[in-house]
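Colleague: Okay, structure incoming, though there's no sequence with it:
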């Protein structure tokens with residue numbers, strides 16, 4: 001059982017960090033090489049996804065984190081498939097005879113971690129489960145450092161890491177590209193295709209509403225940013241309250257030629 005709960009503030013943190021994530025220029029070449037490996041391995045990831053109901057893209061990034069994309073290693077921890085795992089978790093898979101087929105071991109790893117029982121594959125739910133795969137040591141004992149397992153190679157990570165199990169170094173720097181950084185680059189490159197690639201989250205709307213839309217009575221994400229931007233344009237003066245009503249929609253029309261989506265005046 002995870003010792004960190006997926007609370008609303010944690011969901012908002014994941015979303016904010018993902019939205020503001022920028023790859024460090026010196027890591028760009030390495031990331032593109034990883035994405036090429038992911039594209040090549042996509043049929044194998046999809047085969048495991050079909051058996052576990054875990055999105056293939058989650059399996060793909062875990063494979064890069066644990067095995068550097070090698071299909072000769074256990075997804076559990078990167079140990080060779082020629083024998084059962086030695087490092088934690090040890091003696092996996094419990095059934096079968098080595099050497100193991102990668103797909104068989106990967107299915108065991110995901111079931112062992114209960115990924116097959118997880119239902120919230122929204123962005124925040126996905127990052128939460130990926131972080132849990134590596135453990136909660138950063139959040140529990142070094143909350144000043146975002147986990148490089150997610151954010152390595154980006155502006156969200158500046159150093160500090162566990163150099164061995166339980167051994168912390170504030171000066172050490174992880175050189176591994178983080179899983180969230182890979183997902184962000186996958187989204188930017190179009191590899192993270194459409195939202196239907198992620199199983200539908202119960203209670204979530206089937207279709208996403210526009211991010212910028214008419215909402216005179218309720219605050220919306222990004223509405224304050226929109227209002228603040230519109231205020232930089234000539235002869236526009238808006239209250240920055242996060243509730244894009246008629247005045248915000250009028251200003252949006254003045255800037256773009258169109259009312260906000262959902263404005264009754266929009267044709």
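Modeller: Looks like it arrived, so ask away. Since this is a predicted model, take the numbers as computed values, not measurements. Numbering: from 1, shown residues only.
Colleague: buried set for the host helix or strand of residue 251?
Modeller: For residue 251, the element it lies in under DSSP states H and E is helix 246-256. By 16 or more other CB atoms under 10 Å, the buried positions in helix 246-256 come out as 247-252. For every residue, glycine as well, the C-beta is placed using N, CA and C.
Colleague: go on, stretch 156-174?
Modeller: By neighbour count on 16+ other CB under 10 Å, the buried set for stretch 156-174 is 156-157, 160-162, 174.
Colleague: In the residues you listed, find the pair that's most separated.
Modeller: Across the buried residues of stretch 156-174, the longest distance by CB to CB is 17.3 Å; it joins 156 and 162.
Colleague: where exactly do the helices run in this protein?
Modeller: 8-19, 28-52, 56-67, 102-112, 123-134, 137-141, 148-151, 179-189, 223-230, 246-256 (DSSP state H).
Colleague: Which elements pack onto the lowest-mean-pLDDT helix or strand in the chain?
Modeller: Lowest by mean pLDDT, DSSP states H and E among the helices and strands of the chain is strand 161-164, with a mean of 87. On a contact count with 3 or more CB pairs under 8 Å, 6 or more residues apart in numbering; DSSP states H and E, strand 161-164 meets strand 167-169.
Colleague: So which other helices or strands are in contact with the strand it packs on?
Modeller: Against strand 167-169 (3+ CB pairs under 8 Å, 6+ apart) you get strand 161-164.
Colleague: gap between the strand it packs on and the chain center?
Modeller: 22 Å (CA atoms, centre = their mean, to the nearest Å).
Colleague: Is residue 60 in contact with residue 45, as I believe?
Modeller: Yes: applying CB atoms under 8 Å, one finds residue 60 in contact with residue 45, separated by 4.8 Å.
Colleague: Between those two, which contacts overlap?
Modeller: Any residue near both residue 60 and residue 45 by CB atoms under 8 Å, 6 or more residues apart in numbering counts here, and that gives residue 38.
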